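Chemist: Got a sequence here, can you build the structure:
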Amino acid sequence: MSSDQDSYAGLPVRAFLDALAAGTAAPAAGSAAALALAEAAALCAKAARLSARQLTADRAAALTAEAEQIRGRAAALIDEDPRAYRAVIEQLRHPGGRGRGSEPMAAALSEATEVPMRLVELAVPIAGLAATLARNGKETLRGDALSAGLFAQASARAAATLVRINLAASPADPRHSRVDDLLAAIDEHLRS
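Modeler: So this is what the prediction gives:
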């Protein structure tokens, strides 16, 4: 998307869902995973804001600020994912046969992997925030905090799937093991 006015992230929910379901290349799974992570961060921000008495005002403010920062970063990836994947689509359509398996395609897939990789990375602190808020936040918001952790985990697992698909022809790429380590960290947060 080229401008804020044309942003997928700026669409009303129903319009975004319509765009997601449309027969077009974008938005797709990466944008959906980014939205899920932004929702998880928003739930953490809500739980932190409303838990000032349980956490202390300063701690609640710090957790809220962290969640809001990640929410903004995740929301930006809703639009970044289709931009990053555009080069892959162009390679698939290239008349010279530079489709799957070519060097230009491998480079495009590697570049497109950066957005889902950032989603997995951002999901780790959100899972940690969610766990902290579920344990120490306002009791009536425990369901929101736990749900935030599950949304973060789902977003990360979806994004990790995209990383693995994009890098399937590059089994030695270190992002394979990095994504596994990040998913394990998320799982550990949610078990605590």
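
Chemist: Now do the lowest-mean-pLDDT helix or strand in the chain: which elements does it pack against?
Modeler: Every helix and strand in the chain was compared by mean pLDDT, DSSP states H and E; the lowest is helix 103-112, with a mean of 91. With contacts taken as 3 or more C-beta pairs under 8 Å, 6 or more residues apart in numbering; DSSP states H and E, helix 103-112 sits against helix 57-93, helix 142-166. Every residue, glycine included, has its C-beta placed from N, CA and C.

Chemist: how far off helix 103-112 does the longest one point, in degrees?
Modeler: This points to helix 57-93. Helix 57-93 and helix 103-112 meet at an angle of 170 degrees, taking axes from the mean of the first three to the mean of the last three C-alpha atoms, to 10 degrees as the criterion.

Chemist: Next, the angle from the least confident helix or strand of the chain to helix 142-166.
Modeler: Between helix 103-112 and helix 142-166, the angle comes out at 170 degrees (the same axes, to 10 degrees).

Chemist: what about residue 176, how many neighbours?
Modeler: Residue 176: 15 surrounding residues under other C-beta atoms under 10 Å.

Chemist: Oops, could you answer that again for residue 81 instead?
Modeler: Using other C-beta under 10 Å, residue 81 has 28 other residues around it.

Chemist: Wait, it touches residue 30, no?
Modeler: Yes. If you go by C-beta atoms under 8 Å, residue 81 and residue 30 touch, sitting 3.3 Å apart.

Chemist: Identify the contacts common to those two.
Modeler: Here residue 81 and residue 30 have 115, 116 as joint contacts, going by C-beta atoms under 8 Å, 6 or more residues apart in numbering.

Chemist: and residue 96, what pLDDT?
Modeler: Residue 96 carries a pLDDT value of 60.

Chemist: now the one 3 residues further on
Modeler: Residue 99 is assigned a predicted lDDT (pLDDT) of 59.

Chemist: With residue 79 instead?
Modeler: 96.

Chemist: Next, count neighbours for it.
Modeler: 22.

Chemist: ok, it touching residue 7?
Modeler: Yes. In this structure, residue 79 is within contact of residue 7 by C-beta under 8 Å, at 5.2 Å.

Chemist: re earlier: from the chain's centre, how far out is the least confident helix or strand of the chain? Work that out for me.
Modeler: Helix 103-112 sits 20 Å away from the centroid of its parent chain (C-alpha atoms, centre = their mean, to the nearest Å).
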